[in-house]
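In: fold the stuff below for me.
(2 chains)
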Number of protein chains: 2
Amino acid sequence: MQQTDTEEKAATDGVDAGLDNAPSLIATVRDALAAGDTATAAALVEPMHAADLADLLQDLASDQRCALIHLVATDRRPGVLAELDETVRDELIAELGVDDTAHAVAEMETDDALHVIGALDEEDRQRLLEALPSSDRLLLEEALSYPEYSAGRLMQREVVAVPTFWTVGQTIEFLRRCAERDPDRLPKDFYDIYVVDPAFHPVGSIPLSLLLRSRQTTPVTELMTTSLRMLNTDTDQEEVAFLFRQRDLTSAPVVNADGRLVGVITIDDVVDVIDEEFEDDIMHLGGVSADDLYRHTLTTVRLRFSWLLVNLATAVLASLVIGLFEATIAQVVALAVLMPIVASMGGNAGTQTLTVAVRALAMKELTPANALRVIAKELMVGAINGFLFAVIAGVIAWLWFGSLMIAAVIGLAMIANLIVAGLGGAAIPLLLERLRIDPAVASAVFLTTLTDVVGFFVFLGLAAWLLV
Amino acid sequence: MQQTDTEEKAATDGVDAGLDNAPSLIATVRDALAAGDTATAAALVEPMHAADLADLLQDLASDQRCALIHLVATDRRPGVLAELDETVRDELIAELGVDDTAHAVAEMETDDALHVIGALDEEDRQRLLEALPSSDRLLLEEALSYPEYSAGRLMQREVVAVPTFWTVGQTIEFLRRCAERDPDRLPKDFYDIYVVDPAFHPVGSIPLSLLLRSRQTTPVTELMTTSLRMLNTDTDQEEVAFLFRQRDLTSAPVVNADGRLVGVITIDDVVDVIDEEFEDDIMHLGGVSADDLYRHTLTTVRLRFSWLLVNLATAVLASLVIGLFEATIAQVVALAVLMPIVASMGGNAGTQTLTVAVRALAMKELTPANALRVIAKELMVGAINGFLFAVIAGVIAWLWFGSLMIAAVIGLAMIANLIVAGLGGAAIPLLLERLRIDPAVASAVFLTTLTDVVGFFVFLGLAAWLLV
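Out: Numbers count the residues shown, from 1 in each chain, chains lettered A, B, ... in the order given. You can find the predicted model right below:
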């Protein structure tokens, strides 16, 4: 690993070490804290990047985290709060108290500050805002006036905008003067210059790399792209992420209801949105309400309980179906042995289809235009795999219990259940999306209920009809 | 939706319409193709963005896609091939033939061309490379010499590098001269300038927004950040994505084994990597080998068959466990009715833990440093929820079958299975990661086997011991 890093010594094990905090460093910090030597611990973490420091805090036990945060969050590393997982952050903000947190927030970049404050509950947020200097407070209150998860929350307010009659030379001169006299007016980092009309409506954008390579005398209107993709302050962040992906954007201007340029969203903010949304999808498909890695045990118990309760209800429903055929099972106990196979295969085949459908809906690849084609295909896939597994399961059942009738029953039930699984796996997410219910959250429970009920009912029903 | 877009008329329904192709446009194109009027269809899609055009092609039936691709891919819209889903792209490349595809590839940006060629099999790739102009071919062959999924494949080769003794003014002057005389030497878009020593080792970087606001006479060494995060050409793309996320990078320099600057990776390429990895994780957890939305029915059948076969094996294993207790079930048929509840609750509780663990491993939040703590917590969560659901399921069983003994058996089995589920859900992914097997792929099958086998065995075993 090549590295010219001379300033951030702690970071030199770099990429090949996956940027993980070396276990030895964590151990040293932990030992220092256990010995009550917080000063040494603080000195050890001093050279770390805020993101790595956040990871280290998350790896520590709760009491050690709390001991360390007082030393790092307020003066030395205000940014670390923004990098923390929400659960750990809430804990550490409670530990710091309002004044120290306000002190840290006042030192942050606007978007980091907003990230921290936006996640607080109403009461804590008010108390924190009141503890801030008034200029910071006004800025944050305005940002908080936009709906949660909207472009208005994501955007940075500082934008570089120039009038239509300027040239490249004037623009660069303006930036230099600004940097000398009023550096806070400029965004810390930006990638595009916006050209605006007298009403501050954006009419075009120029990437910095184009501005830099153009002659001083070139008018900005000659360089600018006029096919601007603009976002409204209330555009949902999912739409924002989709637009950035679809158009490979680096930044996009945000306008208010009057069409005035009020901010800009850059791709690094969008990466966070993509991460969050993906996290939501994967967690919901797994039956977890949110990432609970850092939550307290009892909170985790509570969060998972409700989902398991729903699952218990569906499992009882499946058992009721089995209960209808108690007499049949009492006569042919082999049925009890084989019945989980049919239900399990249906559940798994359905989950395959469901996963593809939920993902395709999230990526806007599954649309009304191709929905019927996808459902038809899944029906077909279910029928073919159903037939193949009917033969395999039939042979197994025949060899095991020596009854061709049982083999026929399991085969027919397999075909029926895999067709239902394919149909349900594609149709349930589409239906939920149409009803404006997040398909990632609710699809799985409907699907497994369907495949369990159909699996047990068809298998045992056929058996009752044909065998007894 | 505010929109000043005057050039891309087809795109004006914009963000609020989710950028989806209007169903009416698809219908019109479809009708034109059905009537054999490919010229009209081509004219209709002419003003579309390449990404939207790719979506439209994917929404069309296979024969209509093939009819349209000849008109759009070669001259008018070479970029559309790079935007397509891999399955559809393979189909359309086969339809276009080597010469037309080579023609389209020659018109693309290097990274798009690499994306298309990299996905071809060895033979097609060679034939395509031979059909390319030699300058394009050499560039692509060099890029293809880096391992798949490495930084060398992701990076763009064109980099702006300046010597340590230059000033801001000299740098800007150089860019302007370059743009006039040899525009191809400059990257189409870039965000940072790299400062290199005489051996072309990067020693610092300057964001363009800083360069633009600095005085002409400032030396570049005064502006540059020296804490550079460098990537090797063979760094895995997952590491690249992790680094970009962790450090909120917009671009990072790539060096070869000698430490020479050979390219730069920008965040828009990283977003594609993040999307791909998410897709892999979510698909694998759902038991699908890859996104098969656009694949032919029979390919999908084949891809899903093998996973279902593995599942059949585990289901049969669970059935063998049930088979051990046939005599017990024959005496107390209620056991057959209740046993799926225990297995299902174990599977679901385990999947919750598994999802959190797999996700945390992928995000490097679950590390050797906190593994034991996470396992201990999951054990605890399993025990507590196990106890709660033991009570609930016990009451249900008691009301249903009026037997306190059956209620006790299901309660004890529930506790045992939920503890095993918590332990397995956390330990299995960790173990697979240690063995360098992708936890997202294999964890679920091991886990459900475990919870099924334990669920049935403990429930029926206790029943055989206590009831019969």
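
In: any chance you could list what contacts the helix or strand encompassing A:Gln126?
Out: When secondary structure is defined by DSSP states H and E, A:Gln126 falls within helix A:122-130. Among residues not part of helix A:122-130, those counted as contacts by C-beta atoms under 8 Å, 6 or more residues apart in numbering or on different chains are A:Ile93, A:Val98, A:Thr101, A:Ala102, A:Val105, A:Ile117, A:Leu120, A:Arg137, A:Leu140, A:Glu141, A:Leu144. No exception for glycine: its C-beta is placed from N, CA and C like everyone else's.

In: please report how far the third one lies from A:Gly79.
Out: Pointing back at A:Thr101 there. Distance, A:Thr101 to A:Gly79, using C-beta to C-beta, to the nearest Å: 13 Å.

In: comparing these two, which shows the higher neighbour count?
Out: Summary of the neighbour comparison: A:Thr101 and A:Gly79, criterion other C-beta atoms under 10 Å in any protein chain shown, with A:Thr101 having more neighbours (27 against 20).

In: wouldn't the more buried one be in contact with A:Ile93 here?
Out: Yes - if you go by C-beta atoms under 8 Å, A:Thr101 and A:Ile93 touch, sitting 5.1 Å apart.

In: report the set of residues contacting both of those two.
Out: Contact with both A:Thr101 and A:Ile93 is made by residues A:Leu81, A:Val116, according to C-beta under 8 Å, 6+ apart.

In: now A:Arg295, what's its secondary structure?
Out: coil (DSSP: H, G, I helix; E, B strand; the rest coil).

In: likewise for A:Ala199?
Out: Of the three states, A:Ala199 takes coil according to three-state DSSP.

In: can you tell me what sits against stretch A:317-332?
Out: When contacts are taken as C-beta under 8 Å, 6+ apart, the neighbours of stretch A:317-332 outside the stretch itself are A:335-336, A:339, A:343, A:406, A:449, A:452-453, A:456-457, A:460-461, A:463-464, A:467-468, B:329-330, B:333-334, B:336-338, B:340-341, B:344, B:400.

In: can you tell me the distance between the two ends of that stretch?
Out: 22 Å (C-alpha to C-alpha, to the nearest Å).

In: that one - what's its average pLDDT?
Out: Average pLDDT, stretch A:317-332: 94.

In: what's the offset of it from the middle of its chain?
Out: A distance of 42 Å separates the centroid of the chain from that of stretch A:317-332, by C-alpha atoms, centre = their mean, to the nearest Å.

In: and for stretch A:47-63?
Out: What separates the centre of stretch A:47-63 from the centre of its chain is 22 Å, taken as C-alpha atoms, centre = their mean.

In: got a list of contacts for it?
Out: By C-beta under 8 Å, 6+ apart, the surrounding residues in contact with stretch A:47-63 are A:8-11, A:19-21, A:25-26, A:29-30, A:33, A:45, A:65, A:68-69, A:72, A:77, A:79-80, A:82-85, A:88, A:91-92, A:294, B:246-248, B:364-365, B:367, B:369-370, B:373.

In: which ChimeraX command selects the buried ones in those residues?
Out: Selecting the buried subset of the contacts of stretch A:47-63 in ChimeraX, with 16 or more other C-beta atoms under 10 Å in any protein chain shown as the burial test, is done by:
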select /A:8,10,11,19,20,21,25,26,29,30,33,45,65,68,69,72,77,79,80,82,83,84,85,88,91,92,294 /B:246,247,248,364,365,367,369,370
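
In: just the ones of the contacts of stretch A:47-63 in helices?
Out: Secondary structure assignment (DSSP state H) places A:25-26, A:29-30, A:33, A:45, A:65, A:68-69, A:72, A:80, A:82-83, A:88, A:91-92, B:246-247, B:369-370, B:373 from the contacts of stretch A:47-63 within helices.

In: the residue nearest to A:Pro187 when sequence neighbours are not counted in helix, strand or coil?
Out: Closest residue to A:Pro187 in three dimensions, ignoring its sequence neighbours and counting by C-beta to C-beta, 6 or more residues apart in numbering or on different chains: A:Glu158, at 3.9 Å. Per three-state DSSP, the secondary structure class of A:Glu158 is coil.

In: surely A:Glu158 and A:Leu186 touch.
Out: Yes - A contact is recorded between A:Glu158 and A:Leu186 when judged using C-beta under 8 Å, the distance being 6.4 Å.

In: picking up where we left off before, now list the buried members of the contacts of stretch A:317-332.
Out: Neighbour-count burial within those applies to A:335-336, A:339, A:343, A:406, A:449, A:452-453, A:456-457, A:460-461, A:463-464, A:467, B:329-330, B:333-334, B:336-338, B:340-341, B:344, B:400; the criterion is 16+ other C-beta under 10 Å.

In: residues of the stretch 51-200 of chain A that sit close to chain B?
Out: Proximity of the stretch 51-200 of chain A to chain B is confined to A:51-52, A:55, A:58-59, A:61, A:85, A:172, A:175-176, A:178-179, A:186-187, A:189-191 under the rule C-beta under 8 Å from any C-beta of the partner chain.

In: can you tell me how far the closest residue to A:Asp192 other than its chain neighbours is from A:Phe401?
Out: Leaving aside its chain neighbours, A:Asp192 sits nearest to A:Ser205 (4.7 Å; criterion: C-beta to C-beta, 6+ apart). Distance, A:Ser205 to A:Phe401, using C-beta to C-beta: 72 Å.

In: from what I see, A:His201 and A:Gly259 are in contact.
Out: Yes - here A:His201 reaches A:Gly259: they are 4.8 Å apart, a contact under C-beta under 8 Å.

In: give me the neighbour count for A:Val356.
Out: Using other C-beta under 10 Å, A:Val356 has 28 other residues around it.

In: do the same with A:Glu180
Out: The local packing count at A:Glu180 equals 11, with neighbours defined by other C-beta under 10 Å.

In: please apply the same query to A:Ile392.
Out: Applying other C-beta under 10 Å, we find 16 residues neighbouring A:Ile392.

In: and it, what pLDDT?
Out: Confidence score, pLDDT, at A:Ile392: 97.

In: now do the contacts for it.
Out: For A:Ile392, the contacting residues are B:Leu309, B:Leu312, by C-beta under 8 Å, 6+ apart.

In: what strand or helix carries it?
Out: Secondary-structure element containing A:Ile392, defined by DSSP H and E: helix A:368-401.

In: repeat that for A:Leu243.
Out: A:Leu243 is located in helix A:237-247, with elements delineated by DSSP H and E.

In: on that earlier part again, what's the PyMOL line that selects buried ones from the contacts of helix A:122-130?
Out: In PyMOL syntax, the buried subset of the contacts of helix A:122-130 is picked out as below (16+ other C-beta under 10 Å):
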select buried, chain A and resi 93+101+102+105+117+120+137+140+144
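
In: so of the contacts of helix A:122-130, which ones are in helices?
Out: For the contacts of helix A:122-130, the ones inside helices are A:Ile93, A:Val98, A:Thr101, A:Ala102, A:Val105, A:Ile117, A:Arg137, A:Leu140, A:Glu141, A:Leu144, with DSSP H as the criterion.

In: I'd guessed the first one sits against A:Ala82; true?
Out: No - look at A:Ile93 against A:Ala82 with C-beta under 8 Å: they stay out of range, at 11.4 Å.

In: what's the burial count for the residue nearest to A:Ile341 when sequence neighbours are not counted?
Out: For A:Ile341, the nearest residue in space outside its immediate sequence neighbours is B:Ala315; the separation is 4.4 Å by C-beta to C-beta, 6+ apart. As a burial measure, B:Ala315 scores 25 neighbours (other C-beta under 10 Å).

In: helix or strand: which one has B:Ala315?
Out: B:Ala315 belongs to helix B:297-323 when assigned by DSSP H and E.
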